[in-house]
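1. model this:
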Amino acid sequence: MNTVVAGAFFLVALLLPIKPLFSKCTAWLMSLQSWGRFAVVDFMVAVPLILWIVSTDSWYYYTVWIALFTLGLLLVCEAIYLLAVDIDLCKKHLQLVLKHYYAIALPLALLCLVLSLFILGRAYIGPVVAVSDCKSGAQLSIACGVTNPEDLAITPDGQFIIVSEFGSIAPIAEFGSGRLALLNAQTKRPVPLPIIYSENSWGDGSCEKTAESPFGPHGIDLVTREDGRYQLAVVNHMAHESVEMFELVALERELAEDTLPDEPSNQWGLVWRGCVVAPTENYLNDVSLLTDGSFFVSHMFGHDFSVNDFLTVTITKQNTGYVLHWDKTHRFSQVPNTDGAQPNGVAYDEQNGLLYVAFNLADRVAVIDLDLGVETGSFSINAPDNLILKAGSLWVTSLDHEILDVFSCEETGVCALPFTVTELDALSLDRRNSWSFKGEPFGLPTVALPLGDEVLIGSFRSERLAFFLLDDDNVVATNSDAINPEAANSKTVNPETANPKTTALETTSPEAINSDAINLDATSP
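-> This is a model prediction of the structure:
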């Protein structure tokens with residue numbers, strides 16, 4: 001909507017300085033005996049437009065709705081003027097405008113241009129919640145103790161959450177390191193995640209990594225391999241662009257005296273099994289694993305991509321990247337028909353041969369049938385990020401604002417701007433449910449991961465994780481912008497009081513896995 005309305009204002013700004021065009025319109029209007037029909041058209045357009053806008057929740061906080069509302073009022077005023085003023089006097093007014101055309105048209109053209117840019121850059125002008133402590137909101141529950149939880153995965157027993165704690169990348173900021181973390185899925189409290197480095201058996205033999213190597217995790221994915229082992233892939237930005245391969249291993253542990261009765265008795269650890277270095281021209285974002293150990297990974301844009309390029313592409317929607325496929329035999333290859341404006345999240349449906357791609361700057365999610373080699377569906381959504389494919393649904397987050405709105409909270413750690421979580425039907429890309437959040441102590445979401453009766457939400461800039469209950473009263477109609485806050489879970493988890501002795505996919509029971517007799521107790525997380 002923002003792009004369409006901004007484009008319309010921009011087009012008007014280009015046309016207004018063309019006086020011959022206005023002169024032709026003026027000559028046609030002067031030849032008419034009555035302008036009453038234009039008043040009727042004005043009312044027919046303005047009244048439904050105004051009623052539609054005022055029925056939209058919090059419309060007065062969004063520049064696009066304010067602009068359209070103002071346009072509707074102007075149309076009403078024009079209709080009243082045409083009905084109330086004699087046609088001869090209207091024609092004299094029109095001739096006066098033509099006589100002083102550029103004095104009127106040029107300021108209006110400048111105003112339309114400014115409005116166009118403002119609507120594109122600043123969508124939300126409402127209040128932004130000041131977040132200073134670890135407290136839940138009316139609709140979202142908060143769990144602190146994590147840093148920039150950009151992507152999430154669930155361990156095979158459904159009891160723990162693997163978190164990719166994002167550092168930072170260019171062009172938005174300087175490169176910064178991050179880490180992998182583990183949370184107890186029930187309490188949302190951090191628990192130790194031992195990591196050790198073994199031989200490179202799952203990646204490219206030329207890629208090396210040690211515990212001392214810099215690490216900047218981004219997108220992650222966890223699958224059960226054909227051999228029954230659990231493989232975690234992690235996009236890494238430090239030292240070079242690479243995809244790191246870890247084996248997730250379940251280990252029994254001794255329960256401490258202060259362990260709570262409902263805490264799981266197992267412990268998870270990671271064993272590094274290799275990595276794959278991306279071609280020098282590629283800048284990676286998210287990864288989707290296959291059961292044979294191959295993967296799809298998104299290439300966002302080139303390394304020379306600047307902030308100005310970023311802002312330009314938000315308007316032009318031009319292609320900046322694509323999706324790559326890697327396997328040990330063919331190495332990296334570009335996936336056809338995946339070009340787009342900043343490919344971000346990727347998810348692969350191995351059973352149906354469907355690849356889902358979130359084009360962040362193109363504001364859409366696309367599905368590509370790899371057997372046919374064509375795009376078979378698309379869903380428009382603002383700034384989609386990571387994708388979660390689960391139980392026939394595709395989960396995606398979106399921003400209810402534009403990119404420049406972020407500058408309104410540049411000095412804060414948590415940018416509590418409005419956003420939406422959407423559940424799509426994976427085959428049709430029809431919207432099943434959506435949940436919108438405004439005024440909550442959380443923002444800039446990157447991933448929505450369902451777990452039981454909850455949905456976990458991560459962010460690339462936040463020292464917290466958010467979650468809400470999948471309650472019928474919490475579901476928003478597909479055309480609505482509000483949810484019922486009374487059904488929200490309001491509990492808060494503060495890591496200051498957390499028991500650090502517990503711990504991380506879904507309904508299977510973890511079994512002891514032979515990790516080549518590697519002692520995880522002796523490793524550092």
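2. residue 151 contacts residue 286, correct?
-> Yes: Residue 151 is within contact range of residue 286, at 7.2 Å (criterion: C-beta atoms under 8 Å). In short, each C-beta sits where N, CA and C put it, glycine included.
3. which residues do these two both contact?
-> 218-219, 386 (C-beta atoms under 8 Å, 6 or more residues apart in numbering).
4. ok, and the most crowded of the residues you listed?
-> residue 386 (30 neighbours; other C-beta atoms under 10 Å).
5. neighbours of the residue nearest to residue 126 when sequence neighbours are not counted, how many?
-> With sequence-adjacent residues excluded and distances taken as C-beta to C-beta, 6 or more residues apart in numbering, residue 126 is closest to residue 61, at 3.0 Å. Residue 61 has 17 neighbours, counted by other C-beta under 10 Å.
6. can you give me the pLDDT of residue 61?
-> Looking at residue 61, its pLDDT reads 91.
7. please apply the same query to the one 5 residues further on.
-> The per-residue pLDDT reported for residue 66 equals 95.
8. ok, now which ones touch it?
-> So residue 66 contacts 59-60, 125 (C-beta under 8 Å, 6+ apart).
9. again, 7 Å this time
-> Counting by C-beta atoms under 7 Å, 6 or more residues apart in numbering, residue 66 touches residue 60.
10. could you tell me how far stretch 355-373 lies from the centre of the chain?
-> Between the centre of stretch 355-373 and the centre of its chain there are 14 Å (C-alpha atoms, centre = their mean, to the nearest Å).
11. re earlier: do I have it right that the residue nearest to residue 126 meets residue 128?
-> No: between residue 61 and residue 128 there is no contact under C-beta atoms under 7 Å: 10.2 Å.
12. show me where the stretch 201-350 of the chain has its helices.
-> Using DSSP state H, counting those that start in this stretch, the helices found in the stretch 201-350 of the chain span residues 307-316.
13. point out where it drops to low pLDDT.
-> For the stretch 201-350 of the chain, the stretches flagged by pLDDT under 70 are 252-266.
14. domains of this structure?
-> The chain breaks down into these domains under automatic domain parsing: 2-121, 141-508.
15. next, format these as a markdown table and append distance to residue 134.
-> Output for the domains of the chain, formatted as a markdown table (distance: least, C-beta to C-beta, whole Å):
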| stretch | distance to residue 134 |
| --- | --- |
| domain 2-121 | 26 |
| domain 141-508 | 4 |
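16. can you tell me which of the ones you listed is packed in deepest?
-> Across the domains of the chain, averaging neighbours per residue (mean count of other C-beta atoms under 10 Å) puts domain 141-508 on top, at a mean of 19.
17. next one: that domain to chain centre, how far?
-> 10 Å.
18. how about stretch 139-155?
-> Per C-alpha atoms, centre = their mean, the centroid offset for stretch 139-155 relative to its chain is 15 Å.
19. coming back round to it: of all the domains of the chain, which lies closest to residue 135?
-> Smallest distance to residue 135 across those (C-beta to C-beta): 5.7 Å, for domain 141-508.
20. what about the residue of the chain most remote from its centre, which SS state?
-> No residue in the chain sits farther from the centre than residue 88, which is 55.7 Å out by C-alpha atoms, centre = their mean. Classification of residue 88 using DSSP: H, G, I helix; E, B strand; the rest coil returns helix.
21. now do the contacts for it.
-> Residue 88 makes contact with no residue, according to C-beta under 7 Å, 6+ apart.
22. give me the distance between it and residue 35.
-> Counting by C-beta to C-beta, to the nearest Å, the gap from residue 88 to residue 35 is 11 Å.
23. same thing with residue 226?
-> 74 Å.
24. so residue 270 sits against residue 197, correct?
-> No: taking contacts as C-beta under 7 Å, residue 270 lies outside contact range of residue 197: 9.6 Å.
25. for residue 414, phi and psi?
-> phi -110, psi 120 (degrees, to the nearest 10).
26. what sits closest to it if chain neighbours are left out?
-> In this structure, residue 414 finds its nearest non-sequential neighbour in residue 131, 4.1 Å apart by C-beta to C-beta, 6+ apart.
27. for the residue nearest to residue 126, give me its contacts.
-> By C-beta under 7 Å, 6+ apart, residue 61 lies in contact with 124-126.
28. now swap in residue 405 and tell me
-> 122-124, 417.
29. of these, the lowest pLDDT goes to which?
-> By pLDDT, residue 122 ranks lowest within the contacts of residue 405, coming in at 82.
30. enumerate every residue touching that residue.
-> Contacts of residue 122 (C-beta under 7 Å, 6+ apart): 63, 402, 404-405.
31. check residue 244 too.
-> If you count contacts by C-beta under 7 Å, 6+ apart, residue 244 has them with 209, 234, 236, 272, 275.
32. mind doing that once more with 8 Å?
-> Contact analysis of residue 244 by C-beta under 8 Å, 6+ apart lists 203, 209, 215, 217, 233-236, 272, 274-275.
33. cool, thanks, talk later.
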